[in-house]
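> Just a sequence and a predicted model for now, questions to come.
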Amino acid sequence: MADRTLDASGLRCPMPLLKTKLELNGMSPGEKLEVIATDAGSARDIPAFLELSRHRLVNSVETDGHFRFVIECGG
């Protein structure tokens, strides 16, 4: 269960990633963010960003062209 949800549906690259970064910047460590995106580039960009950040990808799934990520904010 996520503490916040970011619906980036309909936004094209790089906006889903940029909005994800901004949302995470306003969160406390341990809080979870669910991101919903429809841009296929998000499936690559968001996990790649998380690999280089202090945040952790908890789960990701693609269903009917919707990409859902659950991210735990790092400290």
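Done, it's in.
> I'd like to know how far the most centrally placed residue in the chain sits from C13.
Centroid-nearest residue in the chain: V35, 4.2 Å away (criterion: Cα atoms, centre = their mean). For V35, the distance to C13 equals 13 Å [Cβ to Cβ, to the nearest Å]. (C-beta placed from N, C-alpha, C; glycine too.)
> phi, psi of the residue of the chain positioned farthest from its centre?
Ranked by distance from the centre of the chain (Cα atoms, centre = their mean), the top residue is D64, with 17.5 Å. Main-chain dihedrals, D64, degrees, to the nearest 10: phi 50, psi 40.
> Could you list everything A8 pairs with in the sheet?
Beta-bridge pairing for A8 (DSSP bridges): A37.
> 30 is where my numbering starts, stick with that
Shifting the count to begin at 30 puts that one at A37.
> For it, which residues are in contact?
44-45, 48-49, 64-68, 71 (Cβ atoms under 8 Å, 6 or more residues apart in numbering).
> Of these - the most surrounded one?
Greatest neighbour count in these, by other Cβ atoms under 10 Å, goes to A66: 29 neighbours.
> so that residue sits right up against I75, yeah?
Yes: with contact defined as Cβ atoms under 8 Å, A66 and I75 form a contacting pair (7.5 Å).
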